[in-house]
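Peer 1: What would the 3D arrangement of this be:
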Amino acid sequence: MDALALRFRPKSLEEMVGQKHLVGSDAALAKLVRQGKMPHAMFFGPPGTGKTTLARIIAKMLDAPFYELDATSLKVEQFRKIFNDHQHALIKPVIFVDEVHRLSKTQQEVLLLPMENHQAIIIGASTENPYFALSSGIRSRSMLFEFYPLEREDLKSLLERVSNTLKCTITEDAREYLIDSSAGDTRAMLNLLEYALHVNSQIDLKLLKSLRPAPLKDGVSSDDTHYQLASALIKSIRGSDVNASLYWLARLIEGAEPPEFIARRLVILASEDIGNANPNALNLANSTLQAVLRIGYPESRIILSQCVIYLACSPKSNRAYDAINKAQAFVQKNPRQDVPIHLKEPQRKGYKYPHAFGGWVEQEYWQGGAEFYFSSKVGFEATLDSWLEKIKSVKK
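Peer 2: Coordinates of the predicted model:
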């Protein structure tokens, strides 16, 4: 880490800039830490908003050994060594895993039992919601905490403290540029200031722009987070507005949003909003995700554009989404049904094998009687309807 960002890194919850919903006196997380009841946690949010800093503060408050690991270069043996080294320790270590969404399946499995047995406190961090990539076992054992982009006032107060401590001269327009060009990222602001000070102790706008010609574009600002941009993209595709969809896609790309972040949301949309009205949409979206994982920018923008155009132009149906919601609600509100005896013991209890009857035969598969799926009769869903009606009518 660069010197200024390290020197002015907060050492306590009270020194942290922003994130009052997490570190404020009434925040649930802060109360848990003060009571020594820190849960396994996943931190997510934009860069430079305090994820690593808070993890270090928590370890300090718990007086616990702190291990800072990066999932992109992590080996399973590192986990095992830490667990073995602290096997009989009274105070369990805090293991911080950056880029936690990049943990492999094997790495996640190694964590499950130690998390269950509280052999360590696991804290993961990511610039995107890691729950999309983590196993159900990790999710059930940890809590999710979101970090928000820092407000202008947060950065302004930090810059004031830094400039007073360093006793450097910064013109008013340079101060505004330091804040506004850093996209809510304290590290980015302090790094720009640090390198400007190496050039001249008198900081003006011209000097700053010679080092950072344009504001950072990471898809986030105090008013316009990448989640809002992604939401606008999804809603435009859902509304079949191709040009609006391409505009929001371009905003995300120009904001240097990782292509896999965009592609994952396109995969979800392809099933949730298009579904069986055009089943190939899910195939294309999944192919897009696999492709951009191997191909970075600038070429990924073309792949994303092709997918977005296809999805926006596709017929829409949310009936698969509605159907599973209704089915889950039914399961949650009603007594659990036993599997019919002829399905549990097909050889003994008269199960009728559909293929022996030309593909379909009338028999009972459950006793619920409720209906969850209602076709939209749009696109390929209409074809599915006709196939189902045809096979049943022929047999009848």
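
Peer 1: drop to CA atoms for contacts and neighbour counts, all remaining ones
Peer 2: OK.

Peer 1: contacting residues for the spatially most central residue of the chain?
Peer 2: Nearest to the geometric centre of the chain sits Asn129, at 1.7 Å (C-alpha atoms, centre = their mean). By C-alpha atoms under 8 Å, 6 or more residues apart in numbering, the contact set of Asn129 is Phe44, Gly45.

Peer 1: Need the contact partners of the helix or strand harbouring Ala59.
Peer 2: Assigned by DSSP states H and E, Ala59 falls within helix 51-62. The contact list for helix 51-62 (C-alpha under 8 Å, 6+ apart) reads 9-13, 33-34, 36, 43-45, 65-66, 93-94, 96, 98, 123, 125, 147.

Peer 1: Who are the contact partners of Phe44?
Peer 2: Going by C-alpha under 8 Å, 6+ apart, Phe44 touches Lys51, Ala125, Ser126, Thr127, Glu128, Asn129, Pro130, Leu144, Phe145, Glu146, Phe147.

Peer 1: To what extent is Arg102 buried, counted in neighbours?
Peer 2: 19 (other C-alpha atoms under 10 Å).

Peer 1: Give me the pLDDT for it.
Peer 2: As predicted, Arg102 sits at a pLDDT of 88.

Peer 1: and if you look at Lys156?
Peer 2: 90.

Peer 1: for Ile170, phi and psi?
Peer 2: Backbone torsions for Ile170, taken as degrees, to the nearest 10, come to phi -130, psi 120.

Peer 1: Count the neighbours of the closest residue to it other than its chain neighbours for me.
Peer 2: Leaving out its chain neighbours, the residue that sits closest to Ile170 by C-alpha to C-alpha, 6 or more residues apart in numbering is Ile203, at 4.7 Å. Using other C-alpha under 10 Å, Ile203 has 20 other residues around it.

Peer 1: For Ile203, which residues are in contact?
Peer 2: Contacts of Ile203 by C-alpha under 8 Å, 6+ apart are Cys168, Thr169, Ile170, Thr171, Ala174, Ala196, Leu197.

Peer 1: Just the element for the fifth one, please.
Peer 2: Going back to what we said before, that points to Ala174. Here Ala174 is assigned to helix 172-180, by DSSP H and E.

Peer 1: Is it correct that Ser375 is in contact with Thr383?
Peer 2: No: using C-alpha atoms under 8 Å, Ser375 is not in contact with Thr383, being 10.3 Å away.
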